[in-house]
Each structure stands twice: as structure tokens, then as C-alpha cells.
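Engineer: below: sequence and its predicted model.
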Amino acid sequence: GELGGRVEPLDMDRDSIRHSLPAAWKLASRLRDRNERPTLVFSWSLRATDAALVLGKRLGAPVAGLLHDHPAALHEGEFRRRLFRWETGRLKALVAVSEAVRGEMEKTFGPSPKWRVIRNGLVDLPAGTASSANSRQPGVIRLGFIGMHNEWKGWPAMREAMTLLETKLPTGAPVLEWRLFGRPLPEFAEEAEKLSSRLKRQRLVLCGHQTTENIFAGIDLLVHASTRFDPYPTVLLEAARAGLPSITSRLGGGPEIVREGVTGWLIEPTGTKLANAVTQAVLSIELLSSIGQASRTRFEQEFGVARMVTDYLTLWKELGR
């Protein structure tokens, strides 16, 4: 709205460089035929950078891009990583979604004033959205985990922590109800069922797929124990938006969202460290509530979508001069 513009289709039916480059060439031709020249071309993902550079070259516009992940992300092939390294030298700016990602960019490509950081933001919940406090059960603390579909999300550490907590929880501690969301790997589901039968002071519930609203309305504490670099975990923003504290891994962008002892707890993603953090976190529901309120306040101040939009508008105006 503020900058003006419209959507132009990129005519391609597959996400590959063999399809994106001809499509970008055709789009540039259409725009040139209409005598329309953008002041900036911005790529929203690593895989769109090559097409953006073609557009920028043909239309005489500077090109910038956004990096959501580690610059050596394992899901990208070696050819794509080598190509992106070459492409970064031709960008006017490259935005990282977190300081953690920018740090990895500097390690990979070297320091540069072109590297910027704009953190993702979320649209706030509608007024009247259900709160976890409304469904809270006396003497029970519900811990949520979203990651049963992938080992690196932290299930092995969770499994070990639950076993340790059986003897680690102090006398009189509340019952812990672990609520595991998503479609689990078959072996994880089997492990969870076996573990559940052995637990005496804890409960384990496989909740399957749930909407985001239902997940956060049904837990008191989020656990995010990823064992791999996680650029900027959206699930932590969602917890903060819902007014919930989080226990999160120190790997990646988690520490930029969760402040130790203020809005949650930071851990090395091992069973022992997780069990220690859980023991500290569940000392009282009042503690969880106060930390959850601080998490919500920080969301309102720093993690809303309006801040993100403003940051992008400012950058685009600067680069498009």
C-alpha cells in the first residue's frame, strides 16, 4: 500500500532454476514492453535469488534478498549452495531473519555491511481467543511439544528428561502432563506409548494434529529442544503471543526470542539439562503465569507484524533510492 504495486505472475510450474530463469526473463520482457521499471527487486527466499537477479539485470534495478535459514542449510544441494555464494556478491543487501543467521552468514561469506537483520513478526490473536488459563487443571502443569515428526526437534532429549523427572521432581510437585502434538514418526509413537506405561508422576498424551490456537490454549509451558541450528523458531513467537513461557534450545535464534529467567529458560538440548529446566519451571503455577505475562508483553513490544512491516518498508525505501 505505502509503496504501491501489484502482483505479477511468474509463469513456472516447477521450483527449479531451469524453470525460474526463463520465467523471470519473460516477466522482465513484459514489464519492459509496458515501460515499467521497478526501483528494487527483492527475493523472499534463497531459491528465488537467481530469478530476482535476472529481473534486476534486465530491468536495471538493484536486487536484495532474504535468508531464512543457515547459509549451508542441509536441505539445499551443493550446487544451490555454491550458486548462492556467487549470488550474494551481486546483491545490494541480504536480510537475515535473526542475528544467529547473520552470524552464520559472516562465518560463511565474511563480514559485510550488506548483511541486515529483520526479525519475523506475527499477526496478533483476535480478541476473545481462548486462553490456557481458562482450561487449567488444579495440581497439573501441561507441557507442550511440537516436534514428533523429526528427530532433531528434540524427542530423544524429551524422552530422557521424562525418565529423569520421575525421581527428580520434589515431593508435592504438580503432576506433569506432556502434550505431544503433530503426526509422530512410527518409532516415536511406539516409544511414547511404552514410556507412558512406565510413568508414575507424569502423564503423556499424543494429541495428533491440532490448530495453533488449540495447541496454545491447552498448555501452560512450551518445550522446544531442537538439536540443530533453528534460525528463528516461529513456535516460540506463537507461545509468546499466547502469553506462555518457553524452554528452548540455545542453538540458533531461540535466545533472541526467549530471555533466560524473564520469558523462559534456555538450555543445551540434552535430557539432563531439559529435566533441570523443567524442575525449575514447575515450582509454581504463579511463576509460570508471571513469566508468561512477561513473554506476552515482549511479544507486544517486539514481535508483532507491524514492526516487521515497518522495518521492510524502511529498508526497501533505502535500497530503492
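Structural biologist: That came through fine.

Engineer: drop to CA atoms for contacts and neighbour counts, all remaining ones
Structural biologist: Noted.

Engineer: now the strands for the stretch 201-321 of the chain?
Structural biologist: Ranges of strands within the stretch 201-321 of the chain are 202-208, 221-224, 246-249, 264-267, based on DSSP state E, counting those that start in this stretch.

Engineer: list the buried residues for the helix or strand of the chain with the lowest mean pLDDT?
Structural biologist: Of all helical and strand segments in the chain, the minimum by mean pLDDT, DSSP states H and E falls on helix 78-88, at a mean of 82. Buried residues in helix 78-88, counted by 16 or more other C-alpha atoms under 10 Å: 81, 84, 88.

Engineer: can you check stretch 56-75 too?
Structural biologist: Using 16+ other C-alpha under 10 Å as the test for burial, stretch 56-75 gives 56, 58-59, 61-72.

Engineer: ok now stretch 200-215, how far from the chain's centre?
Structural biologist: Counting by C-alpha atoms, centre = their mean, to the nearest Å, stretch 200-215 is centred 20 Å from the centre of its parent chain.

Engineer: re earlier: tell me the mean pLDDT for the helix or strand following the least confident helix or strand of the chain?
Structural biologist: For helix 78-88, the following helix or strand on the C-terminal side (DSSP states H and E) is strand 93-96. Average pLDDT, strand 93-96: 96.

Engineer: for stretch 28-37, same thing?
Structural biologist: Taken as a whole, stretch 28-37 has an average pLDDT of 91.

Engineer: got the contact list for that stretch?
Structural biologist: The contact list for stretch 28-37 (C-alpha atoms under 8 Å, 6 or more residues apart in numbering) reads 55, 58-61.

Engineer: for stretch 47-64, same thing?
Structural biologist: With C-alpha under 8 Å, 6+ apart as the test, stretch 47-64 has contacts from 15-17, 20-21, 23-25, 27-28, 32, 37-43, 65, 80, 84, 87, 90-95, 319-320.

Engineer: what's the ChimeraX line that selects buried ones from the residues you listed?
Structural biologist: Buried members of those, defined by 16+ other C-alpha under 10 Å, are picked up in ChimeraX with:
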select :20,21,23,24,25,27,28,37,39,40,41,42,43,65,84,91,92,93,94,95,319
